[in-house]
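Novice: 3D, please:
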Amino acid sequence: MHSLWTATAIAGPQVSELTGDVQAQVAVVGAGYTGLSAALHLAEAAQDVVVLDAAEIGAGASGLNGGQVIAGLKADPDELERLYGEKGEAVVSTVSGAPDIVFELIRKHSIDCDAVRSGWIQSAVSEASLDTLARRMRQWAKRGAPVELLSRQETARLTGSEFYLGGWIDRRGGTVQPLSYVRGLARAAKGAGARLFTRSPAVKLERTAGSWRICTPRGSVQSPVVIVATDAYTDHLIDDLRRTIVAVPSLQVATVPLPQGLRSTILPERQAVSDTQRLLRYFRLDATGRLLMGTRGAFADTPQAFAVAHHYRAAREIYPQLQGIGFEYHWGGWVGMTPDGLPHLHEIAPGLMAGLGYNGRGIAMATVMGRLLARWVLAGSARELPFPVAPVRPIPLHRLSGLGARVAIQYYRALDALVRVRGRASAPTSA
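Specialist: Residues are numbered from 1 along each chain as shown. Down below sits the predicted model:
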């Protein structure tokens with residue numbers, strides 16, 4: 001597996017493995033967006049914070065995702081207000097402003113991560129999905145978001161593809177180099193005073209005398225408060241928490257840098273795009289002019305080239321002009337999916353909290369969740385947070401969830417293929 005992000009990211013801060021026993025006011029497990037955002041906000045509030053990660057900074061989803069910064073959640077605003085009741089309006093406001101938090105952190109801490117805020121496009125593959133997108137756009141427009149519906153012609157102009165029937169654009173969104181962004185958060189957190197340790201997996205968690213002790217292979221952290229920020233990479237450290245999510249693979253490919261003439265016709269204003277297939281396809285250009293294409297993939301930690309053959313086909317289906325253009329990188333990571341499609345904030349035990357379940361929208365939502373966790377710690381209560389704390393509810397028969405996800409991916413892939421075939425059959429032919 002060869003990641004474009006690893007090849008082009010800025011360097012992270014110098015960190016080492018934890019050796020020996022240390023104490024902190026707050027311990028954070030996981031050095032991704034959630035954990036580092038929490039650590040940064042806590043350190044800026046003069047809290048003594050220790051962050052542990054089992055691997056290197058950004059080795060998980062925070063350094064492997066598509067780099068799309070998207071406002072909102074999978075559920076539309078009206079549905080969110082219904083689901084969250086008295087906190088519904090606050091939740092909608094929080095998720096609406098999530099990209100603002102990302103881009104403000106980038107500005108404030110001078111994070112060099114190729115940040116582009118030109119918007120996010122959701123493109124329609126069917127007439128039914130056009131209706132869904134129009135309804136979604138109207139709900140956000142009613143709340144003052146900078147959104148608009150796109151005709152088929154406007155969608156073709158902005159994407160450089162004739163494949164889609166239309167869509168909508170949300171100008172709150174944008175893109176970043178995701179590994180550079182998480183490394184920049186790490187550098188900012190360390191600069192604010194947080195202590196970061198990598199190659200230091202949390203192998204044991206125990207409650208002792210009103211405090212928590214996290215054991216690593218060569219050391220330990222003692223702290224009254226622990227934030228668990230591991231999302232799709234949550235393991236058996238807290239098994240009930242692990243069983244609240246399903247880890248689903250997402251794979252990406254990237255072309256060689258496109259020739260300038262071709263590059264100017266594909267995503268000329270550099271928006272990010274996701275479509276409405278059941279197995280959505282998401283794509284963008286990076287700073288080097290490569291086209292990235294991602295979708296759900298095979299269940300493997302190190303996907304081989306054959307596993308992403310359908311990614312190559314998808315890229316050329318959307319962009320026939322890519323014929324003859326080679327692909328230089330392919331890589332994958334895991335996405336934390338929840339049964340309700342919503343992120344969750346949990347209090348597992350006194351002084352033990354977690355935020356996870358971003359369902360493919362982790363850059364913006366995880367950054368915000370980290371800030372919410374920091375506010376919770378500083379206030380000593382979650383009562384005033386604009387997001388509810390949910391009970392931990394393990395998924396029944398969780399051990400079968402991976403098999404279910406495999407079956408669902410194949411089933412949705414077949415349905416998407418059928419929609420495409422029907423679309424081609426009904427498309428008007430030229431004289």
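Novice: Could you use CA atoms for every contact and neighbour count after this?
Specialist: OK.
Novice: Residue 148 falls within a strand, correct?
Specialist: Yes. Using DSSP: H, G, I helix; E, B strand; the rest coil, the assignment for residue 148 is a strand.
Novice: Assign residue 162 to helix, strand or coil.
Specialist: Classification of residue 162 into helix, strand or coil gives coil, according to three-state DSSP.
Novice: That one and residue 125 touch, don't they?
Specialist: No. Checked against Cα atoms under 8 Å, the pair residue 162 and residue 125 is beyond contact range at 10.9 Å.
Novice: higher neighbour count, the two?
Specialist: residue 125 (20 against 15; other Cα atoms under 10 Å).
Novice: With the flanking residues excluded, which residue is spatially nearest to that one?
Specialist: In space, residue 125 comes closest to residue 164 once its chain neighbours are excluded; the distance is 5.5 Å by Cα to Cα, 6 or more residues apart in numbering.
Novice: Strands of the stretch 101-250 of the chain, residue ranges please.
Specialist: 120-124, 147-150, 166-170, 174-175, 195-197, 204-208, 211-216, 219-223, 226-228, 246-255 (DSSP state E, counting those that start in this stretch).
Novice: Make JSON lines out of the ones you listed and add distance to residue 104 and mean pLDDT.
Specialist: Listed next are the strands of the stretch 101-250 of the chain as JSON lines, based on distance: least, Cα to Cα, whole Å; pLDDT from 0 to 100:
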{"stretch": "strand 120-124", "distance to residue 104": "18", "mean pLDDT": "98"}
{"stretch": "strand 147-150", "distance to residue 104": "20", "mean pLDDT": "98"}
{"stretch": "strand 166-170", "distance to residue 104": "18", "mean pLDDT": "98"}
{"stretch": "strand 174-175", "distance to residue 104": "13", "mean pLDDT": "98"}
{"stretch": "strand 195-197", "distance to residue 104": "23", "mean pLDDT": "98"}
{"stretch": "strand 204-208", "distance to residue 104": "34", "mean pLDDT": "95"}
{"stretch": "strand 211-216", "distance to residue 104": "33", "mean pLDDT": "98"}
{"stretch": "strand 219-223", "distance to residue 104": "30", "mean pLDDT": "98"}
{"stretch": "strand 226-228", "distance to residue 104": "23", "mean pLDDT": "98"}
{"stretch": "strand 246-255", "distance to residue 104": "27", "mean pLDDT": "92"}
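Novice: just so I know, which of the ones you listed lies nearest residue 60?
Specialist: Minimum separation from residue 60 across the strands of the stretch 101-250 of the chain (Cα to Cα) falls at strand 246-255, 11.7 Å.
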